[in-house]
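A.B. asks: Give me a 3D structure for the following:
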Amino acid sequence: MGLSNAEVASHMDSIIDFAELGSFINSPIKSYSAGMYMRLGFAIAIHVNADILLIDEVLAVGDEEFHHKCIPQLQRMQRNGTSMVIASHALHMLSTLCDRVVWLDGGRVIMDGPPAEVLERYSPHMVITNE
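C.D. replies: Sure, this is the predicted structure:
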């Protein structure tokens, strides 16, 4: 992610603390659950001074408490000038973080505009499956 070893070392305690992995931090990553992996990845991402952050359903895994912990961190990054592109079906997150939403279907733009307008039109089209 463009961090030097020294930068990683200087952020290590904060990353581990935010991810809430405790003693699991010393376990091999291949033994992590999807939620643990997401927590670690997100904790690292918020410590990178990125100009642009690409987020693809990063908060789709994990518990609600962690989601609520992440939103203020993303808002802090936005205030500090980080631009974000978020691909998600999490409507609350999109309405909270975005100033523009693009609704895509099969690669086609269906609607592009303010979150409230686009999400109101999109919401009835959400497909929920039990796969």
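A.B. asks: distance between the lowest-mean-pLDDT helix or strand in the chain and the chain's centre?
C.D. replies: In the chain, no helix or strand scores lower on mean pLDDT, DSSP states H and E than helix 34-45, which sits at a mean of 86. The gap between where helix 34-45 is centred and where its chain is centred comes out at 9 Å by Cα atoms, centre = their mean, to the nearest Å.
A.B. asks: Next: stretch 87-102.
C.D. replies: That offset, for stretch 87-102, works out to 11 Å (Cα atoms, centre = their mean).
A.B. asks: Start and end of it, how far apart?
C.D. replies: 9 Å (Cα to Cα, to the nearest Å).
A.B. asks: Would you mark the buried spots in that stretch?
C.D. replies: For stretch 87-102, the neighbour count (16 or more other Cβ atoms under 10 Å) marks Ser88, Leu91, Met93, Leu94, Leu97, Cys98, Val101 as buried. Using the backbone N, CA and C atoms, a C-beta is placed for each residue, glycine as well.
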